[in-house]
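J.: I would like to see how this sequence folds:
(one chain, ligands or ions: 1)
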Amino acid sequence: MSRRRQIYEGKAKILYEGPEPGTIIQYFKDDATAFNAQKKGTINGKGVINNRISEHVFTRLAHIGIPTHFIRRLNMREQLVRQCEIIPIEVVVRNVAAGSISKRLGIEEGEPLPHTLIEYYYKDDALGDPLIAEEHIACFNWASNEEMQDIAAMAIRVNDFMCGMFAAIDIRLIDFKLEFGRIYDGDYSRVILADEISPDGCRLWDMKTGEKLDKDRFRRDLGGESEAYQEVARRLGLLQGDD
Ligand code: C5P
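T.: Below you'll find the model as predicted:
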């Protein structure tokens, strides 16, 4: 790990300089945080599982034409990704009410939403990632109108794909968070899907029992978080074979 220059250490990942210009190595830690890092802990083996799950999802999204930062997985905890300029917006897609929307608007958890909702949050730890409107994004020039159109279109496609992917393994996709980045090609730039997609940033409920198979097990002290993450990986067919 120490052989490379560290660029950034986040709550669940460390970013290192990649082997070629324009690349970055994402290292997945076992550290878990919740409630804007007020709650801290570790989930044994989470980094390994999230690296695999994120590789799987990003690869499958690339197959349906979603541009992503993912290049290849390097080892158990690391993946090589394209360097991009992260757009400071967390994009949350919701199919069913849970978490902050239930609290904010008094909608019972588990209540299906009349239609899929996309919400935007300003990515700023010190401010606690506040909910924002598209008007704020335009006003403060965090992303252009064209970029926002691409982001919303990609978020819907990712949701459609992931709803099907998880439904096929008896998991209900309640909601999830995406992050996007910009890559430059001369004067031109385009938006790609970045960060990770894993049970850290999704709500995944067992279709039959309603059991939570995601980070809410940690947030809500339900226990069995490692087992839940492993169960998602197992159902996706990712646990057989070593590497
Ligand atoms: O907390 P909230 O209900 O707004 O979260 C919605 C979804 O976005 C959840 O799946 C949660 O895991 C994810 N999320 C995230 N990172 C954040 C905020 C939310 O991954 N900072």
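J.: ok, and for stretch 89-106, which residues are buried?
T.: Within stretch 89-106, the residues that qualify as buried by neighbour count (16 or more other CB atoms under 10 Å) are 89, 90, 91, 92, 93, 94, 95, 96, 97, 98, 101. (C-beta placed from N, C-alpha, C; glycine too.)
J.: who's in contact with it?
T.: Here stretch 89-106 makes contact (CB atoms under 8 Å, 6 or more residues apart in numbering) with 107-113, 116-123, 129, 131-132, 137, 142-143, 151, 155-156, 158-159, 163, 172-180, 203, 216.
J.: among those residues, which are in strands?
T.: Among these, the members found in strands (DSSP state E) are 112-113, 116-122, 131-132, 172-180, 203.
J.: those strands in this protein, which residues are they?
T.: Counting by DSSP E, the chain has these strands, from start to end: 6-9, 13-17, 23-28, 31-34, 39-42, 70-73, 78-82, 85-86, 89-96, 112-122, 131-132, 171-185, 188-194, 202-206.
J.: Can you say which of the ones you listed is nearest to residue 230?
T.: Nearest to residue 230 among these is strand 202-206 (12.6 Å), distances taken as CB to CB.
J.: can you pull the alpha-carbon coordinates of that closest one into PDB?
T.: Once side chains and other backbone atoms are set aside, the C-alpha atoms of strand 202-206 remain, and they are given as PDB (Å, rounded to 0.1, in the frame of the first residue of the first chain):
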ATOM      1  CA  CYS A 202     -27.800   0.900  -1.400                       C
ATOM      2  CA  ARG A 203     -30.800  -0.300   0.500                       C
ATOM      3  CA  LEU A 204     -31.300  -3.900  -0.300                       C
ATOM      4  CA  TRP A 205     -34.200  -5.900   1.200                       C
ATOM      5  CA  ASP A 206     -34.800  -9.600   0.900                       C
END
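J.: could you give the mean pLDDT of it?
T.: Over the span of strand 202-206, the pLDDT mean works out to 99.
J.: returning to that earlier point: need the strands of the chain in CSV (columns: distance to residue 49).
T.: CSV is the format used below for the strands of the chain (distance: least, CB to CB, whole Å):
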stretch, distance to residue 49
strand 6-9, 20
strand 13-17, 13
strand 23-28, 8
strand 31-34, 12
strand 39-42, 13
strand 70-73, 12
strand 78-82, 13
strand 85-86, 23
strand 89-96, 22
strand 112-122, 25
strand 131-132, 29
strand 171-185, 15
strand 188-194, 20
strand 202-206, 13
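J.: can I get these in CSV with distance to the ligand?
T.: Putting those into CSV (distance: least, CB to the nearest ligand atom, whole Å) gives the following:
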stretch, distance to the ligand
strand 6-9, 16
strand 13-17, 12
strand 23-28, 14
strand 31-34, 9
strand 39-42, 13
strand 70-73, 18
strand 78-82, 18
strand 85-86, 13
strand 89-96, 5
strand 112-122, 7
strand 131-132, 8
strand 171-185, 4
strand 188-194, 13
strand 202-206, 4
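J.: between these, which one is nearest to residue 63?
T.: Of all these, it is strand 70-73 that lies closest to residue 63, at 11.6 Å by CB to CB.
J.: Identify each buried residue in that closest one, please.
T.: With burial defined by 16+ other CB under 10 Å, the residues of strand 70-73 counted as buried are 70, 71, 73.
J.: The last one contacts residue 50, doesn't it?
T.: Think residue 73. No. The pair formed by residue 73 and residue 50 falls short of the contact definition of CB atoms under 8 Å, at 11.3 Å.
J.: Most proximal residue of the chain with respect to the ligand?
T.: Closest to the ligand within the chain is residue 99: 2.2 Å, counting by CB to the nearest ligand atom.
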